[in-house]
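J.: Take this sequence and fold it.
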Amino acid sequence: MSAHNRLEAVCDPQKRYEFVFLFDVRDGNPNGDPDAGNLPRVDPETMHGLVSDVALKRKVRDYVQVTKNIPIFIQSKVALNTLIKQAGEARGVTESRVPNEDVRNELCRRYYDIRMFGAVLSTGDLNAGQVRGPVQITFARSVDPVLPLDLSITRKARTTEERMESGETEMGRKPLIPYGLYRAHGFYNPFLAEGTGVSKEDLELLWEALQFLFELDRSASRGEMAVRGLFVFRHEDKKGNAPAHKLFELVKVRRQEGVENSRSFVDYVVDAPPEGALDEMGFAGVTLVRLV
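T.: This next block holds a predicted model:
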C-alpha cells in the first residue's frame, strides 16, 4: 500500500480509530515537571518517564497553527472568554446562563482544537457549555526506566553591574535524560465527531501533525526528539470491531538482546502484524495502517 493510500485509509470521520504513537528523546527534557524543579516527569515507583497528554496536544495545536494558519482556541495571546464572546456576537448572543448550542456550534466551526480535542466553554458570562472531543491521547510512558539528570551550566554574560565588577560566574541548571523511547495511545470516537463537525481534512491534518510533531518544534532544552512509530487501527464498524486494549497489545516494543543501557532507537525492536494480517489473527473488520 502506498503512502497516499495509507493516509486515505484512515481519514474517514465515520470510522473508529485507535493508534499507537512512539517517539524518543536524546539528551533532552521532553516534558518538565514544575513541581520538581522542571526535571523530566517520571513515575517515582518505576522511574519510567512520562509526557503528559496536554504536552502532546499542545504540539499538535502548534503544528496546525504554524503550518496551516488554522485558528486555535487554546492559546496564550487571547483570553478564552474573549473568543467565546466573539463567537456569540457572530450568532447574535451576548450572554447566557444556560449552555447555548448555537454558540457552541460556532466555536466548533471556528477552532480546529475544539472540534478534535473538545473544550470547556462555560467560563464567562456567555455559557456555551462543554464539548467532548472525539480525539483523546493518553500520557506517554517510556518503554524502559529513564535516568533524570540535573546538570550545572555556567554563562559568561552577567545580569547585573555588581556581578560584572566582581567577576562572579552565574550558574544555571539543565535537566535532561540521556535517552528515552516513549509510547502513547490515542482514540478517535466517530459518534462524538459528528457532534463537533470533524471532516476528512481534519483527520488528515491530525495524522500529518503526529508524523511531523517535533520537526518544527525544536528546542535546546528538549534535545533531539523524533517520531518513531504511528500505528493506526481502523474499524469497519462505527462502534468498533475489537477492544482497544487488545489491539494495542499487538504492537510490541522491546529492547534488543544484550543492550543494558539504551542510547538510541536502534537499541529497540518494534514488532507489529503485517498489513492485512488481522483477519487471520481473529480481528475481523480491523485494519492496521502504519503511517510511520
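J.: only C-alpha atoms for contact and neighbour calcs from this point on.
T.: OK.
J.: Quick check: which helices or strands does the host helix or strand of residue 109 pack against?
T.: Per DSSP states H and E, residue 109 falls inside helix 101-110. Contacting helix 101-110 under the criterion 3 or more CA pairs under 8 Å, 6 or more residues apart in numbering; DSSP states H and E are the following elements: helix 80-90, helix 112-117, helix 190-196.
J.: mean confidence score for the second one?
T.: Computed over helix 112-117, the mean pLDDT rounds to 98.
J.: could you pull out the strands for the stretch 101-250 of the chain?
T.: Using DSSP state E, counting those that start in this stretch, the strands of the stretch 101-250 of the chain run over 118-120, 130-132, 135-137, 140-145, 149-155, 170-188, 224-235.
J.: average pLDDT across the fifth one?
T.: Put plainly, it is strand 149-155. Summarised as a single mean, pLDDT over strand 149-155 is 87.
J.: who touches that strand?
T.: By CA atoms under 8 Å, 6 or more residues apart in numbering, the residues outside strand 149-155 that reach it are 39, 169, 170, 171, 172, 173, 174, 175, 176, 177, 178.
J.: Of those, which is the most crowded?
T.: Neighbour tally across the contacts of strand 149-155 (other CA atoms under 10 Å): the maximum, 26 neighbours, falls on residue 176.
J.: Same list (the strands of the stretch 101-250 of the chain) but as JSON lines, adding distance to residue 200.
T.: Compiled in JSON lines, the strands of the stretch 101-250 of the chain are given as follows (distance: least, CA to CA, whole Å):
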{"stretch": "strand 118-120", "distance to residue 200": "17"}
{"stretch": "strand 130-132", "distance to residue 200": "19"}
{"stretch": "strand 135-137", "distance to residue 200": "14"}
{"stretch": "strand 140-145", "distance to residue 200": "26"}
{"stretch": "strand 149-155", "distance to residue 200": "43"}
{"stretch": "strand 170-188", "distance to residue 200": "13"}
{"stretch": "strand 224-235", "distance to residue 200": "14"}
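J.: between those, which gets nearest to residue 279?
T.: strand 224-235 (11.8 Å; CA to CA).
J.: Using pLDDT, spot the least trustworthy of the contacts of strand 149-155.
T.: Of all the contacts of strand 149-155, the model is least confident about residue 169, whose pLDDT is 72.
J.: Now do the contacts for that one.
T.: Neighbour list for residue 169: 154, 155, 156, 158, 163 [criterion: CA under 8 Å, 6+ apart].
J.: Name the helix or strand of this structure that has the lowest mean pLDDT.
T.: For the chain, scoring each helix and strand by mean pLDDT, DSSP states H and E identifies helix 161-166 as the least confident one, at a mean of 72.
J.: Looking at the contacts of strand 149-155, which is nearest residue 93?
T.: residue 39 (45.4 Å).
J.: isn't the closest one right up against residue 33?
T.: Yes - if you go by CA atoms under 8 Å, residue 39 and residue 33 touch, sitting 5.6 Å apart.
J.: Below-threshold pLDDT in the stretch 1-150 of the chain: ranges please.
T.: Across the stretch 1-150 of the chain, no stretch falls below the confidence threshold (pLDDT under 70).
J.: If you tally nearby residues, what's the number for residue 275?
T.: Applying other CA under 10 Å, we find 11 residues neighbouring residue 275.
J.: Correction: the previous question concerned residue 67.
T.: Residue 67 sits with 10 neighbouring residues when counted by other CA under 10 Å.
J.: Ok, residue 9 next?
T.: 16.
J.: so who does it touch?
T.: Residues in contact with residue 9 (CA under 8 Å, 6+ apart) are 234, 289.
J.: mind checking how far it is from residue 83?
T.: Relative to residue 83, residue 9 is positioned 35 Å away (CA to CA, to the nearest Å).
J.: For the residue positioned nearest the centre of the chain, which non-adjacent residue is spatially closest?
T.: Using CA atoms, centre = their mean, the residue of the chain that lies closest to the mean C-alpha position is residue 56, 2.6 Å off. Spatial nearest neighbour of residue 56, excluding adjacent residues (CA to CA, 6 or more residues apart in numbering): residue 137 at 8.0 Å.
J.: do the same with residue 104
T.: residue 128 (5.0 Å).
J.: cool, and residue 157?
T.: If the residues on either side of it in the chain are set aside, residue 157 comes closest to residue 170, at 7.9 Å by CA to CA, 6+ apart.
J.: Double-check that neighbour against residue 164; I have them as touching.
T.: No - in this structure, residue 170 sits apart from residue 164 without contact. The criterion is CA under 8 Å, and the distance is 10.2 Å.
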